[in-house]
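Enquirer: Pasted the sequence and its predicted model underneath.
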Amino acid sequence: MSTKHLILSAAALFALSVPSAFAQQSSTTPNTPDPSIAQRKTDQQDRIANGVQSGQLTAGETKNLETKEAGLNKEEHAMRSEDDGHLTAADRTKINNQQNHLSNQIYADKHNAQTAHYGNNEIGQRRQNQQDRIAQGIRNGQLKPGQTAKLERQQQSINREDARMRGADGGKLTGADKTALNRRLNRSSANIYNKKHS
């Protein structure tokens, strides 16, 4: 066997053995730990923001999810205050279980038959714009879950009023209806601004 053949054979043998060595190494590496509690909250807020912006989450669904998230944050704060700012193993388990439950609810709400519909008109565009502003505030952390829940309660009320007015007038809004809804949307817009900048 020539030197050239010997070098090529050694190179081929080495090339074949390298992937199996890496495969062995990766299989013995322990799994990465679960994401931290703070990272999970951030991820869930991003999922909610995406659902708000895409219309997969209605104002009512978002209000309910954010109310639960705010409650979970308060519970975590209370747990930390009892243990000098730390969480016990039992606390972490309880919070993770609650986050799992909330995560499942986010998924279910985003994939059910309810979606947000605003219409292709001035009022609909304003309602959608406000939902986009709320989604942006959720995503970048300007809005806390409790603030978002309050804003979405207001949006839900406006949506119901819009539907009631359209139902009373054969699917259309009268001039007076538009004026009343625009007034409410102006107040809502100011609330979004104030909560995002507080």
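Expert: Cool, the structure landed.
Enquirer: Could you report the pLDDT at Leu185?
Expert: Per-residue confidence at Leu185 stands at 97 (pLDDT).
Enquirer: how near is it to Lys110?
Expert: Leu185 sits 25 Å away from Lys110 when distances are taken as C-beta to C-beta, to the nearest Å. (Each C-beta comes from the backbone N, C-alpha and C, glycine too.)
Enquirer: One more: Gln125?
Expert: 23 Å.
Enquirer: so what's Ala163 scoring on pLDDT?
Expert: The predicted local distance difference test score for Ala163 is 94.
Enquirer: That one is in what secondary structure piece?
Expert: Take DSSP states H and E as the rule and Ala163 turns out to sit in helix 145-168.
Enquirer: Please identify the buried residues of that helix?
Expert: The neighbour-count check on helix 145-168 (16 or more other C-beta atoms under 10 Å) flags 145-156, 158-159, 162, 165-166 as buried.
Enquirer: what do you get for stretch 135-146?
Expert: By neighbour count on 16+ other C-beta under 10 Å, the buried set for stretch 135-146 is 135-139, 142-146.
Enquirer: export whichever helix or strand comes after the helix holding Ala163 as PDB, just CAs?
Expert: Counting by DSSP H and E, the next helix or strand C-terminal to helix 145-168 is helix 175-196. The C-alpha atoms that make up helix 175-196 are tabulated as PDB, following Å, rounded to 0.1, in the frame of the first residue of the first chain:
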ATOM      1  CA  GLY A 175     -73.400  58.900  12.600                       C
ATOM      2  CA  ALA A 176     -74.300  59.200  16.300                       C
ATOM      3  CA  ASP A 177     -72.900  55.600  16.800                       C
ATOM      4  CA  LYS A 178     -69.600  56.600  15.200                       C
ATOM      5  CA  THR A 179     -69.300  59.700  17.300                       C
ATOM      6  CA  ALA A 180     -70.000  57.800  20.500                       C
ATOM      7  CA  LEU A 181     -67.500  55.000  19.600                       C
ATOM      8  CA  ASN A 182     -64.800  57.500  18.600                       C
ATOM      9  CA  ARG A 183     -65.200  59.300  21.900                       C
ATOM     10  CA  ARG A 184     -64.700  56.000  23.700                       C
ATOM     11  CA  LEU A 185     -61.800  55.100  21.500                       C
ATOM     12  CA  ASN A 186     -60.200  58.500  22.200                       C
ATOM     13  CA  ARG A 187     -60.400  57.800  26.000                       C
ATOM     14  CA  SER A 188     -59.100  54.200  25.400                       C
ATOM     15  CA  SER A 189     -56.200  55.600  23.300                       C
ATOM     16  CA  ALA A 190     -55.200  58.000  26.100                       C
ATOM     17  CA  ASN A 191     -55.300  55.100  28.600                       C
ATOM     18  CA  ILE A 192     -53.000  53.000  26.500                       C
ATOM     19  CA  TYR A 193     -50.600  55.900  26.200                       C
ATOM     20  CA  ASN A 194     -50.700  56.600  29.900                       C
ATOM     21  CA  LYS A 195     -50.200  53.000  31.000                       C
ATOM     22  CA  LYS A 196     -47.300  52.500  28.500                       C
END
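Enquirer: Fine by me, we can end here.
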